[in-house]
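Novice: 3D model of this:
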Amino acid sequence: MAGKPKLHYTNTRARMETIRWMLAAAGVEFEEPLIKSKADLEKLRKDGLLLFQQVPMVEIDGMKLVQTRAILNYIAEKYNLYGNDIKQRALIDMYSEGAWDLGEMIWMMPWKCTDPKEREKETTMIIEKATDRYFPVFEKVLKDHGQDFLVGNQLSRADIQLLETILATEELKADVLSKFPVLTAFKARISNIPNIKKFLQPGSQRRPPPDAETVAEGFRIFD
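Specialist: Numbering: from 1, shown residues only. The predicted model follows:
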């Protein structure tokens, strides 16, 4: 019997958080041997475990997978979160990439903008892009087809990534969905799927937004 997937990364969101979300939504338990120092990262490299000398890396089904999108694609396919045909997969990819683009701006900000004034400016820009570019698209998609999920009327990685991004954006501005009633209903609906609801509870492996100590640790490990 295969063991639990092992997720190799630091104790923060960044490029691993969506992977955590996907496994949790699929009901898959996983282990996290955390990278806590530059020495931990260098050991993985010297042991030949990182194909491109970088993390995240996930051990699953006898493989050591790197590259975030490759990992997400494998998990989505393995756990039936990737649609039923090539057209559905294309839509799922398109929506997932859109959610990723917005989410990446958010999780990069603590490392990109260490000055409070810069962070305030960046936050304003992210909220504007969320409400002018990204959320209107998802609002229209859901409204036009009238279904509960983005693609094929079944849960996919696109729904999971969109919910993750919505919640991260709400951490910047609590009422960011005030003009998006369909997305508000979507958020409530997807958040109440049992595995996702469990992941959203305190004590899960979901990570909080990075604080100053977490950011400093990231610089020490990856510089």
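
Novice: mind checking pLDDT for Pro111?
Specialist: If you look again at residue 111, you'll see it is Trp, not Pro. Listed pLDDT for Trp111 reads 89.

Novice: can you check Ala2 too?
Specialist: For Ala2, pLDDT reads 67.

Novice: Also the one 4 residues further on?
Specialist: Model confidence at Lys6, expressed as pLDDT, equals 98.

Novice: mind checking how far it is from Pro116?
Specialist: 37 Å (C-beta to C-beta, to the nearest Å). Every residue, glycine included, has its C-beta placed from N, CA and C.

Novice: more neighbours, the two?
Specialist: Per other C-beta atoms under 10 Å, whichever of Lys6 and Pro116 has more neighbours is Lys6, with 14 against 8.

Novice: who touches that one in this structure?
Specialist: 30-33, 58-60 (C-beta atoms under 8 Å, 6 or more residues apart in numbering).

Novice: State the phi and psi torsions of it.
Specialist: phi -120, psi 130 (degrees, to the nearest 10).

Novice: Nearest residue to it in space, please, no chain neighbours.
Specialist: Glu59 (4.1 Å; C-beta to C-beta, 6 or more residues apart in numbering).

Novice: what's the answer for Phe222, then?
Specialist: Leu41 (7.5 Å).

Novice: Quick check: that neighbour touching Val55?
Specialist: Yes. With contact defined as C-beta atoms under 8 Å, Leu41 reaches Val55; the gap is 7.1 Å.

Novice: follow-up on the earlier one: what about the residue nearest to Phe222, how many neighbours?
Specialist: Neighbours of Leu41 (other C-beta under 10 Å): 20.

Novice: now swap in Pro194 and tell me
Specialist: 9.

Novice: now swap in Leu142 and tell me
Specialist: So Leu142, with other C-beta under 10 Å, has 20 neighbours.

Novice: I'd say it and Thr184 touch.
Specialist: No. Contact criterion C-beta under 8 Å: Leu142 and Thr184 do not qualify, at 10.6 Å.

Novice: Where does the prediction get shaky in the protein?
Specialist: 1-2 (pLDDT under 70).

Novice: Which positions in the longest helix along it come out as buried?
Specialist: In the chain, assigned by DSSP state H, the helix with the most residues is helix 86-112. Using 16 or more other C-beta atoms under 10 Å as the burial criterion, the residues of helix 86-112 that qualify are 88-89, 91-93, 95-96, 98-100, 102-103, 105-107, 109-110.

Novice: how close does Pro5 sit to Pro116?
Specialist: If you go by C-beta to C-beta, the gap between Pro5 and Pro116 works out to 38 Å.

Novice: ok, now Met125?
Specialist: Taken as C-beta to C-beta, the span from Met125 to Pro116 is 15 Å.
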